[in-house]
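> Sequence and computational prediction follow.
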Amino acid sequence: MFGRLTWESLPFVKAWLDPTVSEIIAAGAGGIVVLGAIATFGLITLFGKWRYIWTEWMTSLDHKKIGIMYMILAVIMLSRALIEAVLMRVQQAVAINNPGLLSPDHFGQLFTTHGTIMIFFVGMPLLTGLINFAMPLQIGARDVAFPYMNSISLWMTVGGGILLMASLVFGEFSTGGWSGYPPYTELAFNGGVGPDYWIWAVTLSSLGAMMTGINFAVTVYKLRSPGMRWMRLPLFTWTAFCTAILMIFAVPPLTIATLLLAADRYLGMHFFTNALGGNMMNFVNLFWLFGHPEVYILILPAFGIFSEVVSTFSAKVLYGYTSLVIATMAIALLSFTVWLHHFFTMGQSAPVNAVFGIATMAIGIPTGVKIYNWIWTMFRGEVRFTTPMLFSLAFMVTFVIGGMSGIILATPPVDFMVHNTLFLVAHFHNMLIPGMLYGMIAGYYYWFPKAFGFRLSETWGRIAFVCWVVGFYLAFTPLYVLGLAGAPRRTQEFFDPSFRPWLIIALLGALLIAAGLAALFIQLWVSIKQRDTTRVPVGDPWDARGLEWSIPAPPPDYNFAVLPQVGRRDAFYWRKQNNGAYKPADHYRDIEVPKNSMCGVLVGLAAAACFFGLVWHIWWLAFCGSALTIGTIITRSFMRDVVRTIPAAEVEALDRRWLETAAAALPVPRQLELTPENEGLARCQPK
């Protein structure tokens, strides 16, 4: 009845039968998941919040709430991934001619889950959440183009996250790395459930990402407010649009690769085997045809956030808007031309390697354009060193360093020397942590007042900033040295004592980064406690430029009482300068918004149940999960009562009440924007 699932599959039983340190750590991780789930369900039940969570959040089709739920998922998964990173650093610091704390298999699972989570369940949900929240507001839309598909995308991603968490309690995860290369993940070499967990978790995430890309692209293309021409779009919306295009074309190769690998494992096919016509390099090509555009899927939205933050906190028009748009599109296009540099050492000819090396170097040019434009935007501006601005500045410095190491790796002969060493790990993190995580933290701080109606604690934001930046340099700079000294990556034990000091420094850096994440949690807790002194109901606490700041904080379900008319770039900022903001509409109309739907929740969770059944060969569960998934989609297609109407009178009453609040609020200069005097009406001062 339970397929391959037995008592010995539980980490608690394994630890009881073989009480090594490694097994006890694994059992402890599984226990945290179980106790965390019990505590969460218990607290929700104790406070009687199930109805609220179900009706206001889980079944909501509001793009803003879906975006926030993406962010919550990402933060939960980030917490796990950081703990795993610290464990790996502890292991490597103590395992010098010593087995250390973790067995080789356990260490392999950690670096696989860490990479898989950070890419698919931290980076992707973070950027999807921020785009979901901010992009429709920036273009003056009421929602995304396909709200129901948006919900399915979210819950498919949640389903993939559930599979990853389930692997801590039932069985084990893959040891084949986040890229899942055969033959490490083929049945003959890894017959356990780990690769199956990886396949189905990544497949669920990739299906959600494909639908998200379609949704975002159609939203930007079709739902822009009147007058919002292409060259009037905010830079964040431009990066969101290019990211959506990358999702549409780059994610399908990954889905195909995982499904073909599943066919090898489940159906005895030979797509990626050594014999009977298989070719492992087909998997490598498919994966990196996704994998390198994925790097820019993660980084482009952060570029858009930095553009918004630098312009706002420099009190200047963004320098070189047109060149920034062209650079964004060039990066999106070039990202499809460089995937082969990920396997320079795997047998291509020298001319092929040279072509891809030159293409890899060329992609640094549009990135450099962006850096220069941000610097010129700050030049002679009224720069305020708020938390998001500090993260933006740290990004510029750190990303340039990482970019230079990328140019080094783009040279095939050099890449041959440092391939598969910790130098590559240092470069990869040097790009993604400042490029993605710093951007997402800056965006989280920047748009938080718009989402919840109060500002975050600046003090704890700065503490988090110091921990993240100092921790980053300590954690990854030593890896450049170790990589050049020949230290291989994915290594559970080293045999050169000279590596120990560098590994200890890297461990201290990882601990500081973990402290930075803890500081963000404390910041949120303190901010919630102090929210009565930091409320910004008027909705424009930073004297910003985009349309998202022209409505209340938090925004109503329908976003805009009347869809805005856009006559220029930065239309809201122009209205503020010319006393045209915060005016009532001539007339109000009824507004239709999508009704809540449980279908997205059912589809995502049923798909997760189906794939869990496939992992353990519980065929009845796989059949029931797939039947429920397909049945829900078919049933939803027959539903016609899928919108609710908000009467014009209610819209007008809410809008006029907010306008009265705006009229009563005192404008504050930028020097006071972090004080209780700021009610969301920052002073307009042309620059």
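Received the coordinates, thanks. Numbering: from 1, shown residues only.
> right, and the helix or strand after the helix or strand containing residue 93?
In this assignment (DSSP states H and E), residue 93 forms part of helix 63-94. Elements were assigned by DSSP H and E; along the chain past helix 63-94, the next helix or strand is helix 104-116.
> For that next one, which helices and strands make contact with it?
Identification of packing neighbours for helix 104-116 by 3 or more CB pairs under 8 Å, 6 or more residues apart in numbering; DSSP states H and E yields helix 21-46, helix 63-94, helix 147-169, helix 194-222. Bear in mind the C-beta positions are built from the backbone N, C-alpha and C, glycine included.
> low-confidence ranges in the protein?
By pLDDT under 70, the low-scoring segments of the chain are 684-687.
> quick one, strands of it?
Along the chain, counting by DSSP state E, strands occupy 591-594, 643-646.
> winner for burial among those?
For these, average neighbour numbers computed from mean count of other CB atoms under 10 Å are highest in strand 591-594, which has a mean of 18.
> Dihedrals phi and psi, the residue in the chain sticking out farthest from the centre?
Relative to the centre of the chain, the most outlying C-alpha is that of residue 586, 40.6 Å out, by CA atoms, centre = their mean. Residue 586 has phi and psi values of phi -70, psi -40 when expressed as degrees, to the nearest 10.
> biggest helix in this protein by residues?
Using DSSP state H, we find that the single longest helix of the chain is helix 280-314.
> buried set for that helix?
280, 283-314 (16 or more other CB atoms under 10 Å).
> Please report the distance of residue 657 from residue 537.
In this view, residue 657 and residue 537 are 10 Å apart by CB to CB, to the nearest Å.
> And for residue 527?
Here the criterion is CB to CB. By it, residue 527 lies 16 Å from residue 537.
> Just want to know which of the two has more residues nearby.
residue 527 (20 against 17; other CB atoms under 10 Å).
> Walking through the stretch 551-687 of the chain, point out its helices one by one.
Using DSSP state H, counting those that start in this stretch, the helices of the stretch 551-687 of the chain run over 571-577, 599-616, 619-637, 648-664.
> tell me which strands and helices the second one is in contact with?
Pointing back at helix 599-616 there. Partner elements for helix 599-616 (3+ CB pairs under 8 Å, 6+ apart): helix 147-169, helix 194-222, helix 619-637.
> cool, and the third one?
Where contact means 3+ CB pairs under 8 Å, 6+ apart, helix 619-637 is packed against helix 599-616.
> May I have the helix it packs on exported as PDB, CA atoms only?
C-alpha atoms of helix 599-616 as PDB (Å, rounded to 0.1, in the frame of the first residue of the first chain):
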ATOM      1  CA  CYS A 599      -8.900  25.500  -7.500                       C
ATOM      2  CA  GLY A 600      -5.400  26.700  -7.500                       C
ATOM      3  CA  VAL A 601      -4.800  25.300  -4.000                       C
ATOM      4  CA  LEU A 602      -6.300  21.900  -5.000                       C
ATOM      5  CA  VAL A 603      -4.200  21.700  -8.300                       C
ATOM      6  CA  GLY A 604      -0.900  22.500  -6.500                       C
ATOM      7  CA  LEU A 605      -1.400  20.200  -3.500                       C
ATOM      8  CA  ALA A 606      -2.900  17.400  -5.600                       C
ATOM      9  CA  ALA A 607       0.100  17.600  -8.000                       C
ATOM     10  CA  ALA A 608       2.400  17.400  -5.000                       C
ATOM     11  CA  ALA A 609       0.600  14.400  -3.700                       C
ATOM     12  CA  CYS A 610       0.800  12.800  -7.200                       C
ATOM     13  CA  PHE A 611       4.500  13.300  -7.400                       C
ATOM     14  CA  PHE A 612       5.100  12.100  -3.800                       C
ATOM     15  CA  GLY A 613       3.300   8.900  -4.900                       C
ATOM     16  CA  LEU A 614       5.600   8.600  -7.900                       C
ATOM     17  CA  VAL A 615       8.700   9.100  -5.700                       C
ATOM     18  CA  TRP A 616       7.700   6.200  -3.400                       C
END
